[in-house]
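Q: A structural model of the following input is requested.
(one chain, ligands or ions: 1)
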Amino acid sequence: PIYLDHQATSELAPGVLDAMIPFFSDVYANPHSSEHAQGWRVSDAVERSRTQIAAAVGADSDEVIFTSGATEANNMVILGYERDEAPTLITTAIEHKSVIAPIRERARRGSRTTVLSVDGRGYIDLSALELALSSGAALVSVMAVNNEIGSAQQIAVIAELCHGAGALLHVDAAQALPFAAIDASFADFISLSAHKAGGPKGVGALIVARHARGKLSPIIFGGGQEDGLRPGTLPAPLCVGFGAACATLPDRDEVADWRNRADRLADLLRAEVTGLIRNGGGEGAHPGNVSVTLPAGDADVVIARLQPVLAVSTGSACTTGIPEASHVLRAIGLDVAAADRTIRFSVGRFTTLADIERAARLFGAAARRNT
Ligand code: PLP
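A: Numbers count the residues shown, from 1 in each chain. As a prediction, this is how the structure comes out:
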């Protein structure tokens, strides 16, 4: 089978599993056990991984708060920011549901919220952001890289506008970490997920810039771990795996090669299916994202025909069981029918050209079939 769904989740990067194994078996003390040497050893390993994560994004290690993933990190910022007030919130129309849903919850609790629209490639209009910012200080939540169409916002420019207006910026960087495309110096809060970037599932981080710490209150309560922001025993093996993944992120050349393989896939898909349209992309986009809209047919039907040989997806995992057109595809101007004809291929850092060529042939045959 061929796996081209790396934006949903990816395999562990080389060395990550080996780094984790001792902390599942021999070295299993609680990292918060500060009285004995076995606890110190686990704590030291967790702190080393905290340093590796901080280094990958240009933060300081005391700004890294471990979470269970980007979903939790997004909720911590959006629900915990000026928790007892009703802050003004600004976001975009193409955020992940783990941003959209807590923002709706804040709106229900009295916050004024503005949702910025995007252009046909998935980019916000900076003058619309400026206008939204002019009505007072706010928390702005903008994803670095989109999970469905790969588009990458201009975070440095957005940060400048936010800070100029006295607002703080939260960046969901779950899809930017895999290609080392996030710089913590711009944002006040950054959400990260390990499993999109060669690390294990079930761990992530919220980077909280030191100057922004006072704005954030916890949303769960317990033993006070993680600076009181995220209590609970840390999953030491997962933290270690996350750190190891951050230490082996791809360099520029590797990212360029990754992008070339994805572009090759897009070319082959276009050659297989006349009238195929590629969505998103643009400067700094996710190197593995190839979102395509079929000229006819139905994405779910084509994907089903490809089972169990080829793993691709529609990009927005439908968790409710109620089919609905992707809000991201609708936001870039696709009608419901075109959204339902759209498939996300996501090439991985280690996907071979041979797999790409075979996947394109299989896909072409499945898409051309009438029954
Ligand atoms: N944000 C974005 C942009 C994502 O793509 C994902 C992954 O589905 C998440 C957040 C959620 O990440 P996690 O699985 O770590 O909760």
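Q: residue ranges of the strands in the stretch 251-371 of the chain, please?
A: Applying DSSP state E, counting those that start in this stretch to the stretch 251-371 of the chain gives strands spanning 277-279, 289-293, 310-311, 342-346.
Q: Rounded mean pLDDT for stretch 329-338, please.
A: Averaged across stretch 329-338, pLDDT comes to 96.
Q: now residue 226: how far from residue 70?
A: With the distance defined as Cβ to Cβ, to the nearest Å, residue 226 ends up 16 Å from residue 70. The C-beta positions use only the backbone N, C-alpha and C, and glycine is treated the same way.
Q: Show me which of the two is the more surrounded one.
A: residue 70 (28 against 20; other Cβ atoms under 10 Å).
Q: looking at it, that one is touching residue 171, isn't it?
A: No. The criterion here is Cβ atoms under 8 Å, and residue 70 misses it with residue 171 at 10.8 Å.
Q: what is in contact with the two at once?
A: Residues touching both residue 70 and residue 171 by Cβ atoms under 8 Å, 6 or more residues apart in numbering: residue 191.
Q: Now do the contacts for the closest residue to the ligand within the chain.
A: Across the chain, the shortest distance to the ligand (Cβ to the nearest ligand atom) belongs to residue 69, at 2.6 Å. The neighbourhood of residue 69, defined by Cβ under 8 Å, 6+ apart, consists of 193-195, 201-204.
Q: quick one: contacts for the residue nearest in space to the middle of the chain?
A: Per Cα atoms, centre = their mean, the C-alpha nearest to the average position across the chain is that of residue 174, at 2.2 Å. Residues in contact with residue 174 (Cβ under 8 Å, 6+ apart) are 70, 96, 143, 147, 191-193, 196, 204.
Q: Now with 10 Å, please.
A: Residues near residue 174 by Cβ atoms under 10 Å, 6 or more residues apart in numbering: 7, 69-71, 73-74, 96, 98, 143-145, 147, 182, 190-197, 204.
Q: related to what we said a few turns ago, same list, the strands of the stretch 251-371 of the chain, but as TSV with mean pLDDT and mean neighbour count please.
A: Converted to TSV, those look like this (pLDDT from 0 to 100; neighbours: other Cβ atoms under 10 Å):
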stretch	mean pLDDT	mean neighbour count
strand 277-279	97	19
strand 289-293	98	25
strand 310-311	98	20
strand 342-346	98	27
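Q: Would you mind giving the ones you listed as a markdown table with distance to the ligand added?
A: Output for the strands of the stretch 251-371 of the chain, formatted as a markdown table (distance: least, Cβ to the nearest ligand atom, whole Å):
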| stretch | distance to the ligand |
| --- | --- |
| strand 277-279 | 16 |
| strand 289-293 | 11 |
| strand 310-311 | 15 |
| strand 342-346 | 10 |
